[in-house]
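Chemist: Could you work out the structure for the sequence below:
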Amino acid sequence: MAKPKLIYNLNEAGTFNNGYAADLYEHCFDVLPYDSSKNYNKHNTAFVTKVLPHETLESKNWLQSWINDGYRVVVDDFWDTRFDEQIYSNNTVLYLRNKNFFWYNECMWYHQLGYQNYKPQPINDRTFLMMINLQKNFRDIIFNSVEHLLDNALYSYLGRGIHIEHDTELDFDKNPSWQRHMNPTWYDRTCFSLVVETFADNGPTFVSEKTYKALAFHHPLLVFGNHGILSHIRSLGFETYPELFDESYDKLKIREHRLPIILGTLEHAVRGNINWQDSVLLQKQKHNSKLFFDKPLVIQRWHDEINTVILDWIENEKTR
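Modeler: Numbering: from 1, shown residues only. Below you'll find the predicted structure:
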C-alpha cells in the first residue's frame, strides 16, 4: 500500500520540512514539497502548514483552493503548545500538538549537529550558566534578582544586548541553527544551569528546548518557568536534583510564590560548599544525557504519539 503524502510549502518553516527530523516520519509518509502544477489524490494526501500567531489558516493563499475542494490540512502546532492544548481535528483540519515535542525535536536536531559526541571536561571555574534570548518582563525580574551573583556566572541576555563569550554569529540567514549553538566550554566551566523558560506565568505548563539543553549537556538545573516542569521531565524518566536544590517551587502555581524559593536555593548553590563531582550527581547527569539522545526511543515515541494519530485521521476521513 502506498504511503500517505504530506505536502509542505518550501517557503514555510516547519517540522515536516526539517531534514534533521526526517527519521521521525518518513517511514510512514511520503513528505514532499508543494508543486502548484500537480494534481493530488484527495484520499491519500494532506497538506502541512504552520500557522504563526499573527496568521490564520485562511491567510494561507497557497492552500485556499485545496481547502475549498475538501482536501485535508495538517497544522504543525507543536512549537508554542501548552500542556492543556491537545491534538484535535475540525472537519478536514488536524491540529498537531504534543507536550514532549521539544525533547523529540531537539534530540534529532542535536544528533545532526553532532552534540551527542559531547564529553564533559569539567573546569567549574564559574558557578552557573544562564542564557536568555528575547526580553520579557518576567525575564527582567529574574535577571535583576540574580545580578549580584553574575560575577561568577556565564550568562547572556540578548534582548538587553548582553552576549555570552565565544558565541556564534546570531544571523539566521548565515547560521539557521544559531539558537541551538552549543559551546562545550559553557558547560565545562559551569556547575549547573539556571534555565529561564519561554513562559513563567501562572498558566499551564510549557517545556521548551531551554530545559532540555541542561539535560542533554550534563547539567543539574534550576528552572524559572511554569509550575510542573520538573514533575513532567521526571515522568519521562529524567532525573532532577532535590539533593542540591529545594524543588518545592515546582509545585507552586503562582509565579510570585515560586520565585523566592528559586532565588533562595540559587543563593545556597552559589555560596554553598557543594561537591559538584559527587558520583551520584555525575551518574544522574550521564543518565539524563543518555536518555535525551536515545534516538530509537524518540523515534518510537513520536510514532506512537504523532504518526499513528495522523494515519488514523487520514483513514477515518476516507470513510466519511
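Chemist: and stretch 27-46, what's its mean pLDDT?
Modeler: For stretch 27-46, the mean pLDDT works out to 95.
Chemist: Then stretch 49-58?
Modeler: On average, stretch 49-58 scores 84.
Chemist: now do stretch 91-111
Modeler: pLDDT averaged over stretch 91-111 gives 94.
Chemist: end to end, how far does that stretch reach?
Modeler: The first and final residues of stretch 91-111 sit 37 Å from each other (CA to CA, to the nearest Å).
Chemist: Name the SS class of Q116, please.
Modeler: Classification of Q116 using DSSP: H, G, I helix; E, B strand; the rest coil returns helix.
Chemist: Let me know the distance separating it from D294.
Modeler: 10 Å (CB to CB, to the nearest Å). No exception for glycine: its C-beta is placed from N, CA and C like everyone else's.
Chemist: I'd guessed E267 sits against F128; true?
Modeler: No: E267 is beyond contact range of F128, at 11.1 Å (criterion: CB atoms under 8 Å).
Chemist: who's more crowded, the two?
Modeler: F128 (24 against 13; other CB atoms under 10 Å).
Chemist: ok, now which ones touch that one?
Modeler: 149, 153-154, 190-194, 222, 266, 269-270 (CB atoms under 8 Å, 6 or more residues apart in numbering).
Chemist: what are the bridge partners for it, then?
Modeler: Beta-bridge partners recorded for F128 (DSSP bridges): F192.
Chemist: Grab the nearest non-local neighbour of H166.
Modeler: N183 (5.1 Å; CB to CB, 6 or more residues apart in numbering).
Chemist: Tell me how many other residues crowd the one you found.
Modeler: N183 has 14 nearby residues by other CB under 10 Å.
Chemist: just the one 3 residues further on next, same as before
Modeler: Number of residues near W186 (other CB under 10 Å) recorded here: 23.
Chemist: Repeat that for K3.
Modeler: K3 has 13 nearby residues by other CB under 10 Å.
Chemist: Please apply the same query to the one 10 residues further on.
Modeler: Residues within reach of A13, counting by other CB under 10 Å, total 14.
Chemist: That one belongs to a strand?
Modeler: No: counting by three-state DSSP, A13 falls outside a strand, being coil.
Chemist: May I ask you to confirm that it is in contact with K50?
Modeler: Yes: with contact defined as CB under 8 Å, A13 and K50 form a contacting pair (6.7 Å).
Chemist: before we move on, back to that, what is in contact with E267 and F128 at once?
Modeler: L149.
Chemist: Helices along the stretch 101-250 of the chain, start to end?
Modeler: 101-113, 137-146, 184-189, 209-216, 229-235 (DSSP state H, counting those that start in this stretch).
Chemist: any chance of the ones you listed in TSV, plus distance to S89?
Modeler: Formatted as TSV, these follow (distance: least, CB to CB, whole Å):
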stretch	distance to S89
helix 101-113	18
helix 137-146	34
helix 184-189	41
helix 209-216	27
helix 229-235	25
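Chemist: Relative to I306, which of those is closest?
Modeler: Set against I306 and scored by CB to CB, the helices of the stretch 101-250 of the chain come closest in helix 101-113, at 8.3 Å.
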